[in-house]
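Colleague: Need a 3D model of the following:
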Amino acid sequence: MAGVSFSDDKFPQFFKVFIPKFSSNHMLIPPAFVGRFISRVPKRVVIKDNSGKCWVVALVTVEKDLYFENGWEMFVRDQLLKFGDFLVFRYHGNSLFEVEIFGGDGCKKEIVVASPQVKVMVKEEEDTLKKKVPSSHAYNHAHIEEIGLDGSTKKSSSPTKHGQLKKNPCFVVTLEHSKCQVFMICIPQSVHKGVKFEPDMKLQYHNSKLWPVKISTWKDGRCFISSGWKKFRQENDLKANDKCKFELVLGEGNVCKEIKVTCQSKVQ
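Modeller: Residues are numbered from 1 along each chain as shown. Got it, this is the predicted structure:
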């Protein structure tokens with residue numbers, strides 16, 4: 001649950017109800033709030049509680065939605081957030097949010113545990129800071145297997161060096177309820193190492209029609225099927241617990257223009 005305040009307070013506000021299933025690793029900022037008050041999205045923001053303690057949190061855009069991401073888990077842990085806690089965010093501009101937290105009883109929560117106060121310079125130049133996202137990123141929580149060139153399967157591991165690949169690399173993902181996985185799928189680094197993706201990619205489902213998608217590559221080397229995945233998943237009625245095989249179809253020079261997708265749980 002979320003809402004946006006347009007009161008006389010000179011600083012715009014929004015509220016969120018904390019639901020661990022959806023908000024433990026990241027939290028969606030209401031799109032109406034973003035569209036009205038955040039004209040330029042910084043890479044990092046500071047969240048300050050009413051005791052003055054601060055947390056630096058990265059902002060991540062997934063299609064048109066904006067999330068509190070890297071650093072959010074620490075905020076949740078330090079604030080001992082529980083199901084039903086009510087959070088009111090006030091945006092001061094220049095990458096600064098203040099937050100007030102109310103418990104399920106309607107009373108403002110007293111801070112029991114908090115991280116040391118972070119001394120930061122809150123300014124828009126923070127856009128130039130290097131974005132660091134740990135390997136424990138929420139989008140990597142899906143069950144992912146790599147299928148070796150010999151047909152064997154194993155958990156994704158560190159990437160290895162490849163020349164011209166003789167066979168198409170593959171991986172398997174068991175889909176989850178995660179909102180983020182509705183919008184993107186992570187391609188294991190050990191699978192896409194050495195692969196060159198075309199700007200306009202296609203997904204082919206069970207050797208039928210083609211769906212246009214985009215491949216997003218992050219600074220830390222991780223790679224995602226992003227724009228277009230949501231429509232592909234919806235139109236092919238892919239749901240949580242479906243086990244999907246992704247095959248990167250390679251041409252000369254390990255150039256990939258197409259990824260074949262097979263839902264193993266729907267193959268007769």
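
Colleague: ok, the closest residue to residue 58 other than its chain neighbours to residue 45 distance?
Modeller: Leaving aside its chain neighbours, residue 58 sits nearest to residue 70 (3.9 Å; criterion: CB to CB, 6 or more residues apart in numbering). To be clear about C-beta, it is placed using only N, CA and C from the backbone, and glycine gets the same treatment. To residue 45, residue 70 is 11 Å away according to CB to CB, to the nearest Å.

Colleague: what residues are shared contacts of those two?
Modeller: Common neighbours of residue 70 and residue 45 (criterion: CB atoms under 8 Å, 6 or more residues apart in numbering): residue 57.

Colleague: Low-confidence regions, the stretch 101-250 of the chain specifically.
Modeller: Within the stretch 101-250 of the chain, the segments meeting pLDDT under 70 span 110-163, 177-181, 219-220.

Colleague: could you pull out the helices for it?
Modeller: For the stretch 101-250 of the chain, applying DSSP state H, counting those that start in this stretch gives helices covering 179-183, 189-192, 229-235.

Colleague: With mean neighbour count as extra columns, can I get those in CSV?
Modeller: Formatted as CSV, the helices of the stretch 101-250 of the chain follow (neighbours: other CB atoms under 10 Å):
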stretch, mean neighbour count
helix 179-183, 20
helix 189-192, 20
helix 229-235, 16
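
Colleague: can you redo the ones you listed as JSON lines with distance to residue 167?
Modeller: Formatted as JSON lines, the helices of the stretch 101-250 of the chain follow (distance: least, CB to CB, whole Å):
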{"stretch": "helix 179-183", "distance to residue 167": "27"}
{"stretch": "helix 189-192", "distance to residue 167": "12"}
{"stretch": "helix 229-235", "distance to residue 167": "24"}
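
Colleague: Report the buried residues of stretch 167-175.
Modeller: Across stretch 167-175, burial judged by 16 or more other CB atoms under 10 Å covers 168, 169, 170, 171, 172, 173, 175.

Colleague: No further questions, thank you.
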